[in-house]
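1. The sequence isn't on hand, but the structure is:
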């Protein structure tokens, strides 16, 4: 199964995709650590322990990744094959996705009632904050779309150059 996934996504793509096995438990730990002192129901140390164990599993998996044989062909997320333009646009895409995830994580752990009440009372500062938060989400979504399309165009250009050669 791992050989098939590595052959499909390349070593870099597989490493990025497989990082979810430790990133998701760590995100759960961060969220539960924020909420645990308040509601006393979350168990952050369980999520942290799972995340750390999975991080070790991921590192072991990556150390074995170099031994997996892959068929020679063009892959979208293979760093050795990517052009500079593809690398830049992929990095921009990752930055915008990270910004959106950070906003969503913050939005999920914040009590929005005081902001809503302040906006309802007509206060200017909270209204500007809500507008800024909305603009940030829109900017992240637009950046994701723009960088993905640009990265896709750079990938298509690399494929065209390879097919001509």
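-> In hand now; what should we look at? Here the structure is a predicted model, which is why all the values come from computation and not from measurement.
2. Quick one: list the elements packing against the one helix or strand residue 51 maps to.
-> Element membership of residue 51 [criterion: DSSP states H and E] is helix 44-65. Judged by 3 or more Cβ pairs under 8 Å, 6 or more residues apart in numbering; DSSP states H and E, helix 44-65 is in contact with helix 2-18, helix 20-39. Glycine gets a C-beta too; all of them are placed from N, C-alpha and C.
3. What is the neighbour count of residue 153?
-> By the criterion of other Cβ atoms under 10 Å, residue 153 has 13 neighbours.
4. The protein - how does it break down into domains?
-> Using automatic domain parsing, the domains assigned to the chain come out as 1-80, 82-165.
5. Export those domains to CSV and append columns for mean pLDDT.
-> Shown next, in CSV, are those (pLDDT from 0 to 100):
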stretch, mean pLDDT
domain 1-80, 73
domain 82-165, 92
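6. what's the angle from the helix holding residue 51 to helix 2-18?
-> Going by axes from the mean of the first three to the mean of the last three Cα atoms, to 10 degrees, helix 44-65 is angled at 130 degrees with respect to helix 2-18.
7. After helix 44-65, which helix or strand is next?
-> Downstream of helix 44-65 (by DSSP H and E), the next one is helix 84-108.
8. which residues touch that next one?
-> Contacts with helix 84-108, where a contact means Cβ atoms under 8 Å, 6 or more residues apart in numbering, come from 27, 30-31, 77, 79, 82, 133, 136-137, 140-141, 143-144, 147-148, 150-151, 154-155, 157-158.
9. The residues you listed in strands, which ones?
-> Applying DSSP state E to these, no entry is found in strands.
10. just the buried members of the residues you listed?
-> 30-31, 77, 82, 140, 143-144, 147-148, 150-151, 154-155, 158 (16 or more other Cβ atoms under 10 Å).
11. quick check, nearest of the residues you listed to residue 12?
-> Of all the buried ones among the contacts of helix 84-108, residue 77 has the smallest distance to residue 12: 5.2 Å, by Cβ to Cβ.
12. That's all I had, so thanks and see you.
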